[in-house]
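Visitor: Coordinates only, no sequence provided:
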């Protein structure tokens, strides 16, 4: 893995560059669509390429349960299984174990849980999670971490952070012993909840372990937006300038703009695809609901400025009709458009940093997506 | 509308040719994917073109209820609404009124029903159904008919046939008075259930009315396959040799082969798309269930002989995984493949007729899809 920063914004910590991974290079900052079980929900694989995406995220927890490592080993990894030639990042599965699995119990050596699919019992240890990601063959793997929800007490948060650090140490050791670092990079994850001291302590300990890259975890789990921003602004600069920084599970256009300005390079979020399936679409003029009666006879495109297949081909009236009629292809078209939007949005940010106009780009998009102070991050 | 027969099979009544409609020419015999509400379920519009389809069927009942004629009139018809440039056939809505609507009551002047969506009350008269299809702008419109289910008594069937003939007379009169015949053709529909005399009487009366084309209706409604075949074989030759013949709602590869041999030119059916969404796929070696455990580690394509995007890109193992994981894109891929199969299948039949090898083509496909005598048609 090679990370090259080629441009820096003068007024903020924003930077643009290239992340070179085993399956190819990706321009930073970038957004990864989420391909949970080896497919982006409601999007054909070739559409992902057409939209220009250079990297996706897949979920270790889901792929471990189904199709399982036996199938993945038989086919030589996720790339072959899903016929995808570009870089893939896998999370550690920790977040899903805590949020989706039944009866999850944290032990010293790892986390025990029951599958949400069939109730079967499993144990994720830091080492095991590295091995599973080895079978997946992701370009970037993540350490097993423990994320608290929001709110969590200072003690709960500290205990989870200590566990995270202990597991990170075991992870990087196992990684160095057993993984080909040329093919797969391992990122550490900063936890510490909404407590500045814990974030500092966690970041500092992880940096000492010298990971190829670092992620900010445990945010966007229900905390108020202001607190989210404060912790992002505090944590990002604690991470080495020359390593890629990844903000996990974020997010909305506005939060991405803020995080980029703090020096974050990588994002993933289910939001653009999830809200698409619920009929909410991003446009150059803000979010719209495709269900609105206002579109009944509006035969103009969803977004006049969007060059995607859906905006080139269909009207708001037609898309509203498909959604109301419960057509599966409504989910396909909505997802296609929202991911087209996100790619253009990220490209706009990146160009802004490179051309020295990040301030204008940010101001433009912040006016399109005004603050919604009460909403959680 | 112009119908030109260019080839005839020596041993059967099969024929191949071209049906020229307002929005373009279609090679016969052909299969129309069903775009119920203005979209083929789970298929992007551009995929329909990529697969080579030249015509689709849309449902008058569904489009009348949603988006409604007001929206269709505002946008100038279905072609503009769904951005489709090729020919469209619309059914009369009669079949859906009888099978989907609540509280449907047949009156002399038409059929009264309540919407299955919101319970609102509506009346379809033969004239009204022509006007609605005028607003839709379909290349081929169908007369309002009354279809009995199976079984139905001889008296019930006769009453429905008489009603169908009465409505057909009113339909062709209204059509000649109010519709531009260059843009929209009107087809009559032969009813008469499983009673040969009624089929003969109905066909003969319709032929006297001199419709641009004729359909065989009221089949594939639950009757045994043998009865279905008998009535098809009886009815098709009763229709004028120089007019297109359309077998409504059929069907399976085997039934299509039989009907083509009896001189049918046009087909539509929800089966290929519906079974796709249930995980059943057509291949060059027969029907398979993508859910089968046998495919767990089968990394070969669905169908080695199929050149479609799905077969070029993905394995049975991966498609099985997507289906089991409940991924929306599994429905998209399965639908894409089954419609790719149907297009190749129809092309194969057409080439067979043209090149004088229809007998071999038929024998080949009949061995791939062996009889399932107990199943209804």
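Guide: Here it is on my side, so go on. None of the values given here were measured: they were computed from a predicted structure. Numbers count the residues shown, from 1 in each chain, chains lettered A, B, ... in the order given.

Visitor: Beyond the longest helix anywhere in chain A, next helix or strand please.
Guide: The longest helix of chain A (DSSP state H) is helix A:328-355. Sequence order places helix A:358-368 as the next helix or strand after helix A:328-355, per DSSP states H and E.

Visitor: Checking the residue of the stretch 101-250 of chain A found nearest chain B next. Helix, strand or coil?
Guide: Nearest to chain B, among the residues of the stretch 101-250 of chain A, is residue A:117, at 9.2 Å (CB to the nearest CB). In short, each C-beta sits where N, CA and C put it, glycine included. Three-state call for residue A:117 (DSSP: H, G, I helix; E, B strand; the rest coil): coil.

Visitor: So what's the residue count around it?
Guide: When counting by other CB atoms under 10 Å in any protein chain shown, one arrives at 14 neighbours for residue A:117.

Visitor: can you tell me how far the spatially closest residue to it that is not a sequence neighbour sits from residue B:80?
Guide: Distance criterion CB to CB, 6 or more residues apart in numbering or on different chains; nearest residue to residue A:117, sequence neighbours excluded, is residue A:65 at 5.7 Å. Distance of residue A:65 to residue B:80, given as CB to CB, to the nearest Å: 46 Å.

Visitor: Between those two, which has more neighbouring residues?
Guide: Each of residue A:65 and residue B:80 has its neighbours counted (other CB under 10 Å); residue A:65 has more, 21 against 16.

Visitor: buried ones in stretch A:139-151?
Guide: Using 16 or more other CB atoms under 10 Å in any protein chain shown as the test for burial, stretch A:139-151 gives A:139, A:140, A:141, A:142, A:143, A:144, A:145, A:146, A:147, A:148, A:150.

Visitor: Any chance of JSON lines for these, columns distance to chain B and secondary structure?
Guide: Shown next, in JSON lines, are the buried residues of stretch A:139-151 (distance: CB to the nearest CB, whole Å; DSSP: H, G, I helix; E, B strand; the rest coil):
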{"residue": "A:139", "distance to chain B": "20", "secondary structure": "coil"}
{"residue": "A:140", "distance to chain B": "22", "secondary structure": "strand"}
{"residue": "A:141", "distance to chain B": "21", "secondary structure": "strand"}
{"residue": "A:142", "distance to chain B": "21", "secondary structure": "strand"}
{"residue": "A:143", "distance to chain B": "25", "secondary structure": "coil"}
{"residue": "A:144", "distance to chain B": "23", "secondary structure": "coil"}
{"residue": "A:145", "distance to chain B": "25", "secondary structure": "coil"}
{"residue": "A:146", "distance to chain B": "26", "secondary structure": "coil"}
{"residue": "A:147", "distance to chain B": "24", "secondary structure": "coil"}
{"residue": "A:148", "distance to chain B": "29", "secondary structure": "coil"}
{"residue": "A:150", "distance to chain B": "29", "secondary structure": "coil"}
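
Visitor: so who does residue A:78 touch?
Guide: Taking CB atoms under 8 Å, 6 or more residues apart in numbering or on different chains, we find residue A:78 in contact with A:38, A:58, A:63, A:72, A:84, A:88, A:90, A:136, A:137, A:138.

Visitor: now, which of the residues you listed sits nearest residue A:45?
Guide: Distance to residue A:45, by CB to CB, is smallest for residue A:84 among those, at 6.6 Å.

Visitor: what's the closest non-adjacent residue to that closest one?
Guide: Closest residue to residue A:84 apart from its sequence neighbours, by CB to CB, 6+ apart: residue A:45 at 6.6 Å.

Visitor: what about the one you found, distance to residue A:287?
Guide: Between residue A:45 and residue A:287 the computed distance is 27 Å (CB to CB).

Visitor: more neighbours, these two?
Guide: Using other CB under 10 Å as the criterion, residue A:45 and residue A:287 rank with residue A:45 on top: 21 against 15.

Visitor: any weak-confidence spans in chain A?
Guide: Applying pLDDT under 70 to chain A flags the ranges A:373-377.

Visitor: Work out which residue lies at the spatial centre of it.
Guide: Taking CA atoms, centre = their mean, the centroid of chain A lies closest to residue A:268, which sits 1.7 Å from it.

Visitor: pretty sure that one is touching residue A:95, no?
Guide: No. If you go by CB atoms under 8 Å, residue A:268 and residue A:95 don't touch, sitting 11.2 Å apart.

Visitor: Common neighbours of those two, please.
Guide: Common neighbours of residue A:268 and residue A:95, counting by CB under 8 Å, 6+ apart, are A:248, A:249.

Visitor: Could you give the number of residues near residue A:166?
Guide: 14.

Visitor: Residue A:254 is in what secondary structure piece?
Guide: helix A:253-261.

Visitor: which residues are contacting that helix?
Guide: With CB under 8 Å, 6+ apart as the test, helix A:253-261 has contacts from A:9, A:12-14, A:29, A:31, A:220, A:225, A:228-229, A:232-233, A:236, A:247, A:250-251, A:267, A:282, A:345-346, A:349, A:353, A:358, A:362, A:365-366, A:368-369, A:371, A:377.

Visitor: which of the residues you listed are buried?
Guide: Buried among the contacts of helix A:253-261 by 16+ other CB under 10 Å: A:9, A:12-14, A:29, A:31, A:220, A:225, A:228-229, A:232, A:236, A:247, A:250-251, A:267, A:282, A:345-346, A:349, A:353, A:358, A:362, A:365, A:368-369, A:377.

Visitor: Show me which parts of the host helix or strand of residue A:173 are buried, residue by residue.
Guide: Assigned by DSSP H and E, residue A:173 belongs to helix A:154-178. Buried residues in helix A:154-178, counted by 16+ other CB under 10 Å: A:157-158, A:160-165, A:167-172, A:174-175.

Visitor: following it, which helix or strand shows up next?
Guide: strand A:185-190.

Visitor: what lines up beside that next one in the sheet?
Guide: Sheet partners assigned to strand A:185-190 using DSSP bridges are listed as strand A:140-142 (parallel), strand A:213-216 (parallel).

Visitor: Tell me the helix or strand right after it.
Guide: On the C-terminal side of strand A:185-190, the closest following helix or strand by DSSP H and E is helix A:196-209.
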